[in-house]
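# make a model of this:
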Amino acid sequence: MTYRTYVALGDSFTEGVGDHDPTLPNGVRGWADRVAEVLAARAEEVGSSFAYANLAIRGRKLGAVLDEQLEPALAARPDLVTLYAGGNDIMRPRVDVDALVARYDDAVGRLVGTGATVVLFTAFDPAGFPIFAAGRGRFAIYNELVREVAERHGTRLVDFWRMREYREPRMWDVDRLHMSSAGHQRMAIAVLDVLGVAHDLEPLALGEAVVRTPRELRAENLAWARTHAAPWIKRRLTGTSSGDTLSPRYPRPARFGTSSPE
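Residues are numbered from 1 along each chain as shown. Take a look at the predicted model:
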């Protein structure tokens, strides 16, 4: 199938954080851009137009994603929408997961009601990631509810929880919170596959794994805690976000190819 208008909604996962590119808006690329590039090429092959918008902003909780992004997405009349939201809520000390997904369900229903193809995502399994592992049960409940939403509305689903290749540390950026370029490339492949879109994307080479001594590993973990974990925890405690001063990378659907929209 050839898509004409693709709108991506969400938080840092969809904005592209971790896939660094200083030449692009907000300094990132991400899996959604990679998907859009493939869809644009396919549209060009059949003489069709293609437009892409990415409304996602890092740090946004589900309520903010829907409050800020849902109406602009609906106004764009897309035939393809991707939506991931809720991960930032689940990592807060307290959250009503059922209420969270109930609002998510309503939004998905509105998107599906337009006739668009909608792609949803489960959250990553945090087993083996100490800072998040304690909330694994909460993530599992969220994921099962998301699977129900996907089944009820007939959406496509990328089941991130079951993608075990993300247990590999090199699939994550140095902050250990966001996917690396290799992680974003793999996610783009997963999205295109679940859509049934032919493509020639291949996983990026990870390079040779670095073997560290226990002492080197301790030093690296301490440096990570100071540089990345502590600021992340502080933002959670103070109610601030790394995306507070940012705007959507591509706020309106525009022609898209191998570079940014015009």
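# which element follows the helix or strand containing E151 toward the C-terminus?
If you go by DSSP states H and E, E151 is part of helix 136-153. Sequence-wise, the next helix or strand downstream of helix 136-153 (DSSP H and E) is strand 156-158.
# show me what that following strand is packed against.
Here strand 156-158 touches strand 117-121, helix 136-153, helix 181-195, going by 3 or more Cβ pairs under 8 Å, 6 or more residues apart in numbering; DSSP states H and E. The C-beta positions use only the backbone N, C-alpha and C, and glycine is treated the same way.
# need the phi and psi values for the nearest residue to W161 once chain neighbours are set aside.
Computed as Cβ to Cβ, 6 or more residues apart in numbering, the closest residue to W161 that is not its neighbour in sequence is T122, at 4.4 Å. When quoted as degrees, to the nearest 10, the phi and psi of T122 stand at phi -80, psi 170.
# can you pull the contacts of V97?
Residues near V97 by Cβ atoms under 8 Å, 6 or more residues apart in numbering: I90, R138, I141, Y142, L145.
# so the fourth one versus H153, what's the distance?
Spelled out, that is Y142. According to Cβ to Cβ, to the nearest Å, Y142 stands 17 Å off from H153.
# okay, those two: which has more neighbours?
More neighbours surround Y142 than the other of Y142 and H153, with 24 against 15 (other Cβ atoms under 10 Å).
# show me where the protein has helices.
Using DSSP state H, the helices assigned to the chain run over residues 12-15, 31-45, 62-65, 71-75, 87-90, 97-113, 130-133, 136-153, 181-195, 214-224, 230-238.
# reformat the helices and strands packed on strand 156-158 as a markdown table; add mean pLDDT and distance to R212.
A markdown table is the format used below for these (pLDDT from 0 to 100; distance: least, Cβ to Cβ, whole Å):
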| stretch | mean pLDDT | distance to R212 |
| --- | --- | --- |
| strand 117-121 | 98 | 32 |
| helix 136-153 | 96 | 26 |
| helix 181-195 | 98 | 19 |
